[in-house]
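> The sequence and its predicted three-dimensional model are supplied below.
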Amino acid sequence: TGVQTCALPISIDLTSAAGKNWTASSTATWVKLAANSGTTPSTLRVSLDASALAPGIATSEIKVTTTEGTFTIPVRLQVDPLALTVIRSDPQSASVYAISEVTSTASATTTVGATQAYLLEIDSAAQTIKRVAPVGTSATDLAIHAGDNRIYVTNWRGGSLLALGRTSLALERTYAFAPF
């Protein structure tokens, strides 16, 4: 899942018993390959660019071809619209952090009224979204804490305070409280 205007990096390890030459391709313009050929073992680096996609589900595939044949890697990207509800600047960097959350409509993967909130790290100088992390639902606020090297996000409906590492944007701890 990605937010509009965001690029998602993915790494795919390609291995074989002996070094094999490979080529990779995709017909989708939003599937970007860092290299379209190599020799195993190697890593195929892929970036999914949601900036030109409309909200919804986009599908494609990556074809990897060797002397022994071709295999296909399916690609499915759910693109959620950008809907900023909270923005905070980081006084120690050029980064701005924001919460994006929008109510979804019914589809094969969501239910009516379901929401998903994301924490965005935005490079204010380059005006790009650098990283995205899911942060639950009903995210109402965020705080950047330099001393803990964490970003705290409240989820009032679920009754939790999420602590994410500023370096990794990975969830480090969840604090529970009574929802309201």
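Looks like it came in fine. Numbering: from 1, shown residues only.

> Dump stretch 50-64 to PDB, restricted to CA.
C-alpha atoms of stretch 50-64 as PDB (Å, rounded to 0.1, in the frame of the first residue of the first chain):
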ATOM      1  CA  ALA A  50       2.600   6.000  -7.200                       C
ATOM      2  CA  SER A  51       2.900   9.700  -8.200                       C
ATOM      3  CA  ALA A  52       1.000   9.300 -11.500                       C
ATOM      4  CA  LEU A  53      -1.500   6.700 -10.400                       C
ATOM      5  CA  ALA A  54      -5.100   7.400  -9.300                       C
ATOM      6  CA  PRO A  55      -6.300   6.100  -6.000                       C
ATOM      7  CA  GLY A  56      -7.200   2.400  -6.200                       C
ATOM      8  CA  ILE A  57      -5.400  -0.800  -7.000                       C
ATOM      9  CA  ALA A  58      -2.800  -0.900  -9.800                       C
ATOM     10  CA  THR A  59      -1.500  -4.300 -11.100                       C
ATOM     11  CA  SER A  60       1.400  -5.200 -13.300                       C
ATOM     12  CA  GLU A  61       4.200  -7.800 -13.400                       C
ATOM     13  CA  ILE A  62       7.900  -8.100 -13.700                       C
ATOM     14  CA  LYS A  63       9.300 -10.600 -16.100                       C
ATOM     15  CA  VAL A  64      12.700 -12.100 -15.300                       C
END
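
> For that stretch, list every residue counted as buried.
By 16 or more other C-beta atoms under 10 Å, the buried positions in stretch 50-64 come out as 50, 53, 55, 58, 60, 62, 64. Quick note: C-beta positions are derived from backbone N, CA and C, even for glycine.

> my guess is the fourth one meets Val79, correct?
Okay, so that is Ala58. Yes. When contacts are counted by C-beta atoms under 8 Å, Ala58 is listed as touching Val79 (6.3 Å).

> Can you work out which residues contact both of these two?
The contact sets of Ala58 and Val79 overlap at Ala50 (C-beta atoms under 8 Å, 6 or more residues apart in numbering).
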